[in-house]
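Visitor: no sequence on this one, just coordinates:
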């Protein structure tokens with residue numbers, strides 16, 4: 001079936017939602033007209049190697065919180081579109097990309113019912129017509145909750161915590177590593193390191209939201 005027709009059918013049953021307020025928006029638009037007026041001042045301007053869509057402290061977090069804590073998995077469709085769009089703006093989008101996600105332990109997935117980062121990776125890959133490798137990475141050991149730790153301890157907490165489950169899929173590939181929120185980048189860096197060790201040609205770190213540590217978490 002024609003790809004354009006498939007997308008039209010999909011949008012008929014699952015209309016595109018604004019990535020900030022979840023209201024219905026035009027098929028080619030990421031934000032509804034009201035939210036689009038605030039996009040420029042709220043959109044994240046990355047100065048490092050992490051491509052992110054928005055800052056955490058803007059309206060964008062509302063749709064994310066509904067997905068992560070209220071189980072609204074269908075919202076991953078719109079969030080994934082925003083992430084795909086961010087890759088386009090960074091001039092990194094290409095159909096040879098392989099998408100994967102920062103993993104959770106089996107216990108964490110069981111408790112929540114899903115890995116939200118995996119849902120976002122799958123959605124973003126679909127929008128770009130790219131390959132998605134579920135569970136390409138696995139969490140080899142339990143770690144302390146990152147947001148409870150100061151910056152200096154975060155890298156130590158996740159060092160050696162992740163492993164590549166299928167190295168044969170990684171060698172020579174351009175990998176997009178997806179996560180929901182990036183703060184210090186320690187978790188994504190630990191995962192990227194393992195992908196690079198497995199032979200990835202490039203690892204692009206992609207997050208929906210970017211936030212900064214509060215003052216008490218900096219030491």
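Guide: It's in. All figures in this text were calculated on a predicted structure; none of them were measured in a lab.

Visitor: What confidence value was assigned to residue 69?
Guide: Here the pLDDT value assigned to residue 69 is 82.

Visitor: Over to residue 29?
Guide: 70.

Visitor: I'd say it and residue 36 touch.
Guide: Yes: between residue 29 and residue 36 there is a contact under C-beta atoms under 8 Å: 7.4 Å. Any C-beta I mention is one placed from the backbone N, CA and C, and that applies to glycine too.

Visitor: Nearest spatial neighbour of residue 163, chain-adjacent residues omitted?
Guide: Distance criterion C-beta to C-beta, 6 or more residues apart in numbering; nearest residue to residue 163, sequence neighbours excluded, is residue 140 at 4.6 Å.

Visitor: OK, contacts around the closest residue to residue 165 other than its chain neighbours?
Guide: Sequence neighbours aside, residue 138 is the residue nearest to residue 165 in space, at 4.8 Å (criterion: C-beta to C-beta, 6+ apart). Contacts for residue 138 were tallied using C-beta atoms under 8 Å, 6 or more residues apart in numbering; they are 103, 162-165.

Visitor: same thing but 7 Å
Guide: 103, 163, 165 (C-beta atoms under 7 Å, 6 or more residues apart in numbering).

Visitor: May I see these organised as JSON lines, with secondary structure and neighbour count added?
Guide: Rendered in JSON lines, the data for those read as follows (DSSP: H, G, I helix; E, B strand; the rest coil; neighbours: other C-beta atoms under 10 Å):
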{"residue": "103", "secondary structure": "coil", "neighbour count": "23"}
{"residue": "163", "secondary structure": "strand", "neighbour count": "16"}
{"residue": "165", "secondary structure": "coil", "neighbour count": "17"}
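
Visitor: In this structure, what residue spans correspond to strands?
Guide: Secondary structure of the chain by DSSP state E: the strands cover 50-55, 98-101, 131-132, 137-139, 162-164, 174-182, 202-210.

Visitor: So which of the ones you listed is the most surrounded?
Guide: Across the strands of the chain, averaging neighbours per residue (mean count of other C-beta atoms under 10 Å) puts strand 98-101 on top, at a mean of 26.

Visitor: Can you work out which other helices and strands pack against it?
Guide: Secondary-structure packing of strand 98-101 (3 or more C-beta pairs under 7 Å, 6 or more residues apart in numbering; DSSP states H and E): helix 116-127, strand 131-132, strand 174-182.
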